[in-house]
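Novice: A predicted structure for the sequence below; I have some questions about it.
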2 protein chains.
Amino acid sequence: MVPDLEKLDTITLEKPAKVKKIRLTQKAIVAAAATLFAHNGFGATSLEDIAGELGVTKGALYYHVKNKEEILRLIFMTVLTVSEEPLRRIVEAEIPPAEKLRRAIEHHTAVAADRSPAMTVFYREQPHLTGPFAREIVLRKKAYERYFEQIVEEGIKSGDFRPDLDPKIVTFGLLGMCNWLSQWYKPNGQYSQQQIATMFANLLQNGLTYP
Amino acid sequence: MVPDLEKLDTITLEKPAKVKKIRLTQKAIVAAAATLFAHNGFGATSLEDIAGELGVTKGALYYHVKNKEEILRLIFMTVLTVSEEPLRRIVEAEIPPAEKLRRAIEHHTAVAADRSPAMTVFYREQPHLTGPFAREIVLRKKAYERYFEQIVEEGIKSGDFRPDLDPKIVTFGLLGMCNWLSQWYKPNGQYSQQQIATMFANLLQNGLTYP
DNA sequence: TAAAAATTTGAACGATTGGTAGAATTCTAC
DNA sequence: GTAGAATTCTACCAATCGTTCAAATTTTTA
C-alpha cells in the first residue's frame, strides 16, 4: 500500500481530464472515479473505465486502493471533510441566526458546486456502502442536517424566524434546494455560486411575495 | 467428512420463501424494477433481481418487455404521464399566480411522494437512456421546469412576486426542495404530503423571517 | 551505474451479466 | 377433453465484471 504523504499533495486546480499522463495517486483515482460515478453510477462504472480515464490498466489501481468500494468510501470521506468542520464553526459563531443561516447556505452551496461530482455520488450511491462505514455515514449525515435544524430552532427561539414552520421540514427544504445544484449548476453559467447562494438565502428568508 | 457438504448444499438450494404470487404484467415488472432501481441503482440491478422479486425467472420478463432499457423507459414514461398534464392545467387556469404556485407545489410534492421510487429513478438514471428517447426526456424535463418558470414570471409581471429573483433560480430551488422528498419522505411519517406541500409553499411565498 | 524499491503490466480466474431459443407448462375457448 | 394460444422455464452464450499475482518496467537510492 501507499505511503500517507500523498494526502499532503497540493490541490490541483486544473485537471487534464482526458487520457493524459497523470501521476497515479489515490487522490487522482478518487477524483476520476467521482466524475465517472456521478455520470454513470457506481454499479455501471467499471474499474477499467476509471483506469482508462487515468491512462493505466486496471491492475495498477490495486496498488493504491484496496478495492472498488474503498474508492467509494474515499469519495464520501472527501465530501465530509470539506463539509462538516466549516459548518460547525458557523453554527458555533456568535452571530445572529439569520446571519448564520445565510453563511450556512453559502457554505453548503459552495460545497455542492465545487465538489459537484463527489456530492452527486454522496447522495446517490450510499446503498453501495457496506459494513460499519455505511452506518457511520448515516450518523454523520444526520449530524450535518442537525446543524441546520439548530440554526432554524435558534432563530425561532430568538424571535427572528416564524414559529409555524417545522425546523426539520425547513432543513430538508433548503438542503434539497442546495443539493439540487449538482443537477443543473454549470461553473461557467450565468451566475456564480456566490450569487446563487445569495438568491437562495434571500428567497428563504424573505419569501417570494412582497411583505 | 464429505456427506455434510451435501446436506449444506440441499439446505442452501431451498427456495427463499420471499415469493409473492402476482400476475406477471408489464406494469408489475415496471413497478418492481422501479423499487429495485431506486434502491440499488440501474446498473447494479440485474434482471434476475427483478424476476426474483416477482417470483419468476428472468426469461419470463422478455415476453413482456423487449430488454432492460425498455423497463427504464417505461419508468420514465409513468413519471411523465402523471406529472405533465396536471401541471399544464394548473398553469393555464385562471387563478392568481400565488395560487398557481401553491397548487403547482402541491402537485409536484404529491407526485414526488406517491411515485417515490419511480421519481428517484427519473432523476438518477437518465444517463442510462440512449437513442431518441433520451433526447425526448431532456426536452420534456425542460418543458416541465419551464411551466414553473412561467408561474414565477407571471407573478413578477403582475406585481405579486418580487422582481429581484431570477425565475430560473427560483424554479431550480423549489424543484430541488420537492424532489429531495424522495430522500427522506416516509409515507407514515409525522406529516402528510399535503402538510409538507403547504409548508413548502408557505416558506417559499412568505419566507422564514417576520415581515 | 548498479542494486533496491516502487510501480505498472498483462494474463488469468471465477462469478455474474443481459440476452436468446426451444422445450415445457399453463391458460382459454370450444 | 382437447387443440391452440399464451406464458414461463431451462439451458446456454458471449461479454464483462472485480480481483489476484507473478513478471516486467520504471523510479529511487546508494
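Specialist: Thanks, I have it.
Novice: alpha carbons only for contacts and neighbour counts from here, please
Specialist: OK.
Novice: Helix or strand: which one has the closest residue to A:R115 other than its chain neighbours?
Specialist: What sits nearest to A:R115 in space, not counting adjacent residues and going by CA to CA, 6 or more residues apart in numbering or on different chains, is A:V79, at 7.4 Å. For A:V79, the host element (DSSP states H and E) is helix A:68-92.
Novice: now check that helix, is it near DNA strand C?
Specialist: No: judged by CA under 7 Å from any atom of the strand, helix A:68-92 and DNA strand C are separated, with a smallest distance of 13.2 Å.
Novice: what do you get for stretch A:30-41?
Specialist: No: against DNA strand C, stretch A:30-41 shows no contacts by CA under 7 Å from any atom of the strand, the least distance being 13.5 Å.
Novice: and that stretch, C-alpha only, in PDB?
Specialist: Once non-C-alpha atoms are left out, stretch A:30-41 reads as follows in PDB (Å, rounded to 0.1, in the frame of the first residue of the first chain):
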ATOM      1  CA  VAL A  30     -10.800   9.100  -6.300                       C
ATOM      2  CA  ALA A  31     -11.200  12.300  -8.500                       C
ATOM      3  CA  ALA A  32     -11.600  10.300 -11.700                       C
ATOM      4  CA  ALA A  33     -13.900   7.800 -10.100                       C
ATOM      5  CA  ALA A  34     -16.100  10.600  -8.600                       C
ATOM      6  CA  THR A  35     -16.600  12.000 -12.100                       C
ATOM      7  CA  LEU A  36     -17.500   8.700 -13.600                       C
ATOM      8  CA  PHE A  37     -19.600   7.500 -10.700                       C
ATOM      9  CA  ALA A  38     -21.500  10.800 -10.900                       C
ATOM     10  CA  HIS A  39     -22.100  10.400 -14.600                       C
ATOM     11  CA  ASN A  40     -22.800   6.700 -15.000                       C
ATOM     12  CA  GLY A  41     -23.400   5.500 -11.500                       C
END
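Novice: rewinding a little: how far away from the center of its chain is the helix holding A:V79?
Specialist: Relative to its chain's centre, helix A:68-92 lies at 7 Å (CA atoms, centre = their mean, to the nearest Å).
Novice: Now the lowest-mean-pLDDT helix or strand in chain A: buried residues?
Specialist: Every helix and strand of chain A was ranked by mean pLDDT, DSSP states H and E. The lowest is helix A:181-184, at a mean of 92. If you call a residue buried by 16 or more other CA atoms under 10 Å in any protein chain shown, then helix A:181-184 has these buried ones: A:181-182.
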